[in-house]
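> Give me a 3D structure for the following:
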Amino acid sequence: MSGHSKWATIKRSKGLVDAKRGKMFTKVGKEIMAAAKQGGGDPRMNPRLRTAIAAGKAVNMPSDNIKKAIMKGTGELAAEQLDDIIYEGFGPGGVAIMVETTTDNKNRTPSEMRQLFSKYGGNMGEPGSVAWMFEKKGVIEVPKTAMGEEELMTLALDAGADDMQTDDKNNYTVTTAPTQFDAVVEKIKTKVEPESAEITMVPKTYMAVEGKTAESLLKLLDALDDHDDVQKVHANFDIDDELMEKLRG
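Next up, the predicted model:
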């Protein structure tokens, strides 16, 4: 299992704590608004909105908050202007990083991103500097306790999935093309509820990091992820599971 996957799992657990402070409500609310603005307020016709609403429910966001965020996105309620911007750069050890943001201030956010990269031993890159190292894919994680490997593999591949990995000790990881993501998720849901399901940027190759470099990298990724404008952070690193547990323990 890649360190990146382990970090993503830790982030989801940490997110439940953040939600109690309202941080995740702010992040998810922005994503719901941006999704509704881009593709309309009907989640049945808007995959991005459907995913954003699911993220809101996962952190126990009240239904009224979700409804208001959708209405702000569609213009039914007054709201600030929001823009989706992706920042690219390199972390300690030359690890490639992509940061997806939704911001109400296009002047503030880039300077704050640059400061965070610099503070933790990285540097911002130009648009396109690392995007070529990633592929957009659907990623679905299913608990190993919920279903057998062969059953899930048959179910997923028949629905159009590209691959399934079994090296995570807790979850199976199913990958799909973005166009097949909804069909595969719905098929899996006929048997079991996935641990997580999202369309994300998956690294084509991974870069091994260790020691102080790994520690500095995780501090940078955490700092980026904690920023109110940041929706997702993608990185092509691989850290040994034992070291990851030690650093995050």
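> for the chain, what spans make up the strands?
Counting by DSSP state E, the chain has strands at residues 83-90, 96-103, 123-124, 134-143, 163-165, 171-176, 196-203, 207-208, 230-235, 237-238.
> give me every residue that touches the nearest residue to residue 106 once chain neighbours are set aside.
Closest residue in space to residue 106, ignoring its immediate chain neighbours: residue 83 at 5.7 Å, by CB to CB, 6 or more residues apart in numbering. The C-beta positions use only the backbone N, C-alpha and C, and glycine is treated the same way. Shown in contact with residue 83 (CB atoms under 8 Å, 6 or more residues apart in numbering): 102, 103, 104, 106.
> Now for these, which sits with the most neighbours around it?
Highest neighbour count within these: residue 103, with 24 neighbours (other CB atoms under 10 Å).
> Bridge partners for that one, pull those for me.
Bridge pairing for residue 103 (DSSP bridges) gives the partners residue 83.
> Give me the pLDDT for it.
On pLDDT, residue 103 comes in at 91.
> What sits closest to residue 25 if chain neighbours are left out?
In this structure, residue 25 finds its nearest non-sequential neighbour in residue 61, 5.5 Å apart by CB to CB, 6+ apart.
> What ranges in the protein fall below the confidence cut-off?
Low-confidence segments of the chain (pLDDT under 70): 1-22, 248-249.
> What residue, apart from its backbone neighbours, is nearest residue 151 spatially?
Nearest residue to residue 151 in three dimensions, chain neighbours excluded: residue 191, at 7.7 Å (CB to CB, 6+ apart).
> pretty sure that neighbour contacts residue 155?
Yes. Taking contacts as CB atoms under 8 Å, residue 191 lies within contact range of residue 155: 6.4 Å.
> So the two - more neighbours on which side?
For residue 191 versus residue 155, the count of surrounding residues by other CB under 10 Å is larger for residue 155: 20 against 12.
> and the more buried one, how far is that from residue 200?
21 Å (CB to CB, to the nearest Å).
> residue boundaries of the helices in this protein?
3-20, 23-39, 47-58, 63-74, 108-119, 149-159, 181-189, 211-226, 241-248 (DSSP state H).
> Just say which of the ones you listed is most tucked in.
Most buried of the helices of the chain by mean neighbour count (mean count of other CB atoms under 10 Å) is helix 23-39; its value is a mean of 22.
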